[in-house]
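Colleague: how would this look folded up:
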Amino acid sequence: MATPTHIACAACGALNRVPADRLAEDPVCGQCGQALLSGEPVELTDANFDRVAGRSELPVLVDFWAPWCGPCRSMAPAFAQAARQLKGRALLVKVDTDANPALAARFGIRSIPTLVRLERGQEAARQSGALPAGAIVALAQGR
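Modeller: Numbering: from 1, shown residues only. Sure, this is the predicted structure:
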């Protein structure tokens, strides 16, 4: 059996151990039954960010955005496409900077959209500006 990967559930915050060779098999949370890796971006807030992004062993790519931001809205389909391509290999999350100002301040977000890659809760890379899906995938994979 492959070494388990720890993934925090965005719905309830429970930490789940998923064998690495089963990450692409649509694992669900052992506590609440919600999908852990749906292949869709997950909305996080000031309240649940650390519980989810800080505890997941998969790379986490955070899209700091706002609803009024034109480039953010135009990048959203590419971000969703990248989430589908990276299903089981990375967790893509979105943080609305207007609704979650504490996170925006903590990460020093000065312009949006800004993408931040986290590895085990620590910032590993950052890119500001709208990107196409291929560049989002490359950033999430550390390339």
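Colleague: In terms of secondary structure, what does the lengthiest helix in the chain contact?
Modeller: In the chain, assigned by DSSP state H, the helix with the most residues is helix 70-85. Where contact means 3 or more CB pairs under 8 Å, 6 or more residues apart in numbering; DSSP states H and E, helix 70-85 is packed against strand 60-65, strand 91-96, helix 133-140. The C-beta positions use only the backbone N, C-alpha and C, and glycine is treated the same way.
Colleague: For those, state which one has the densest average packing.
Modeller: Among the helices and strands packed on helix 70-85, strand 60-65 has the highest mean neighbour count (mean count of other CB atoms under 10 Å), at a mean of 25.
Colleague: Can you check which of the helices and strands packed on helix 70-85 gets nearest to residue 38?
Modeller: strand 91-96 (10.0 Å; CB to CB).
Colleague: That closest one to strand 60-65, inter-axis angle?
Modeller: Interaxial angle of strand 91-96 relative to strand 60-65 (axes from the mean of the first three to the mean of the last three CA atoms, to 10 degrees): 20 degrees.
Colleague: Please name the strands paired to strand 91-96 in the sheet, noting orientation.
Modeller: Note on strand 91-96: by DSSP bridges, its sheet partners are strand 42-43 (parallel), strand 60-65 (parallel).
Colleague: Which one of the ones you listed has the poorest average confidence?
Modeller: Looking at the strands paired with strand 91-96, the lowest mean pLDDT belongs to strand 42-43 (a mean of 94).
Colleague: Point out the other helices and strands that the following helix or strand past that strand packs with.
Modeller: Remark: after strand 42-43, the chain's next helix or strand is helix 49-53, criterion DSSP states H and E. Packing partners of helix 49-53 (3+ CB pairs under 8 Å, 6+ apart): strand 4-8, strand 91-96.
Colleague: Mind putting those into CSV with distance to residue 54 and mean pLDDT?
Modeller: As requested, those are exported to CSV (distance: least, CB to CB, whole Å; pLDDT from 0 to 100):
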stretch, distance to residue 54, mean pLDDT
strand 4-8, 8, 89
strand 91-96, 11, 96
